[in-house]
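> Sequence below, structure please.
(one chain, ligands or ions: 1)
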Amino acid sequence: MQKIKRKSLLYKSGVEYADYCINHVEGCSHGCRFPCYAMMMKKRCGLIKDYNDWIKPRIVENAIELLNNEIPRLKSKIKVVHLCFTTDPFMYKQKEVSDLTLSIIKRLNDDNIRCTVLTKGIYPKVLTDTKKYGENNEYAITLVSLDKNFKDNFEPGAAPYATRIKALKFLHDTGLKTWVSMEPYPTPNLVKQDLNKVLNKVKFVDKIIFGKLNYNVKVTEFENNKDFYADCANTVTDFCKKYGIQYHIKYGTQENENRKTENIFKKEDKVRLCKLAMF
Ligand code: SF4
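Below you'll find the model as predicted:
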């Protein structure tokens, strides 16, 4: 795997559910075709050439060195560090990425900094070793379908859904906090599926985040997409209330809501976007 060097690693996020963030890999072999907003952003800012360039991940070889410098300076300001927004921390079948992610989590936890982690890969069982890794971290998977064809088309390099869920359940069963990001949830013209069946597979989790699919022309082609997403949001809400699961419906998914906190990645400010894309 190729390596790159960066000048900084920890950065303050502007998104709804995160504080500080780390993206210690450039690119992602999952190669999502929703499309992947991180890829679009990096391409627009000239940091990658194209899709083929994006799916060849390059790890930040000086990540731990940077953390050793940044943690003492930022520690008092950080509530939680999220891994990752512009790559995947447990990229499927990319051991070097997983190994670096484990070192980063350990380095942060050693300084009592909590992590939230989101992946479309497989969580290693070693994370249940709470002598090594903190017991207050939160681990999440993205899950928007159970349909293999959909996964093969839209998340070609990501882990199969069943193994993704199994690995998360293992962490849950040992007492770690787990959640699921059901975003970007596809419209029925992309895949016909029963949302309740997807929800039932992950009813063990502590929290579900639900959000619509953006930046895909097929969604706007689906005439009733607003009603569809409003219905889905109600289904998720009812399901979570029934099973005592925390939930969060992302801004823009339901109509008539007050959009106070906009995802920073949606802002059309190129300078700001490209500054973020550097991380
Ligand atoms: S897993 Fe995330 S970062 Fe990787 S290609 Fe898919 S959407 Fe992009």
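> Enumerate every residue touching the residue nearest to residue 49 when sequence neighbours are not counted.
Ranked by CB to CB, 6 or more residues apart in numbering and with sequence neighbours excluded, the top spatial neighbour of residue 49 is residue 43, at 7.6 Å. (Each C-beta comes from the backbone N, C-alpha and C, glycine too.) The neighbourhood of residue 43, defined by CB atoms under 8 Å, 6 or more residues apart in numbering, consists of 49-50, 54.
> can you pull out the helices in the stretch 51-200 of the chain?
For the stretch 51-200 of the chain, the helices defined by DSSP state H, counting those that start in this stretch cover 51-54, 63-74, 95-110, 148-154, 161-173, 195-201.
> what packs against the longest helix along the chain?
If you go by DSSP state H, the chain has its longest helix at helix 225-243. In terms of contacts (3 or more CB pairs under 8 Å, 6 or more residues apart in numbering; DSSP states H and E), helix 225-243 is packed against strand 177-185, helix 195-201, strand 207-212, strand 246-249.
> got the angle for that helix vs strand 207-212?
Angle, helix 225-243 to strand 207-212, by axes from the mean of the first three to the mean of the last three CA atoms, to 10 degrees: 170 degrees.
> and residue 20, backbone torsions?
Dihedral angles of residue 20 (phi, psi; degrees, to the nearest 10) stand at phi -100, psi 160.
> and the gap between it and residue 114?
For residue 20, the distance to residue 114 equals 10 Å [CB to CB, to the nearest Å].
> and the protein, what are its domains?
1-115, 120-143+156-258 (automatic domain parsing).
> now for those domains, which one comes closest to residue 150?
Of all those, it is domain 120-143+156-258 that lies closest to residue 150, at 4.3 Å by CB to CB.
> where does the protein have low pLDDT?
16-17, 255-279 (pLDDT under 70).
> residues contacting the residue of the chain positioned farthest from its centre?
With distances taken as CA atoms, centre = their mean, the residue sitting farthest from the centre of the chain turns out to be residue 223, at 28.1 Å. With contacts taken as CB under 8 Å, 6+ apart, residue 223 has no neighbouring residues.
> What parts of the stretch 1-150 of the chain come near the ligand?
28, 30-32, 36, 38-39, 87-88, 120 (CB under 6 Å from any ligand atom).
> what would the residues you listed look like in JSON lines with distance to residue 181 and neighbour count?
JSON lines is the format used below for those (distance: CB to CB, whole Å; neighbours: other CB atoms under 10 Å):
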{"residue": "28", "distance to residue 181": "15", "neighbour count": "28"}
{"residue": "30", "distance to residue 181": "14", "neighbour count": "25"}
{"residue": "31", "distance to residue 181": "18", "neighbour count": "19"}
{"residue": "32", "distance to residue 181": "13", "neighbour count": "22"}
{"residue": "36", "distance to residue 181": "14", "neighbour count": "23"}
{"residue": "38", "distance to residue 181": "14", "neighbour count": "23"}
{"residue": "39", "distance to residue 181": "18", "neighbour count": "24"}
{"residue": "87", "distance to residue 181": "15", "neighbour count": "27"}
{"residue": "88", "distance to residue 181": "12", "neighbour count": "31"}
{"residue": "120", "distance to residue 181": "9", "neighbour count": "23"}
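> Dump those residues into TSV; add distance to residue 143 as well.
Output for those, formatted as TSV (distance: CB to CB, whole Å):
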residue	distance to residue 143
28	17
30	13
31	18
32	13
36	16
38	19
39	20
87	18
88	14
120	8
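> Which pair of the residues you listed spans the longest distance?
39 and 120 (13.9 Å).
> where do the contact lists of these two overlap?
residue 32.
> Contact partners for the residue lying closest to residue 161 once chain neighbours are set aside?
Excluding the flanking residues, the one nearest residue 161 by CB to CB, 6+ apart is residue 146, at 5.4 Å. Residues in contact with residue 146, defined by CB under 8 Å, 6+ apart, are 161, 193, 197-198, 201.
> Checking residue 35 next. Helix, strand or coil?
Following DSSP: H, G, I helix; E, B strand; the rest coil, residue 35 is assigned to coil.
> okay but it is in contact with residue 216, surely?
Yes. In this structure, residue 35 is within contact of residue 216 by CB atoms under 8 Å, at 7.1 Å.
> Residues in contact with both of the two, list them for me.
With CB under 8 Å, 6+ apart as the test, residue 35 and residue 216 reach no residue in common.
> got the contact list for stretch 156-168?
Counting by CB under 8 Å, 6+ apart, 28-33, 55, 88, 91-92, 119-125, 139-141, 143, 145-146, 148, 151, 178, 180, 201-202, 205 sit against stretch 156-168.
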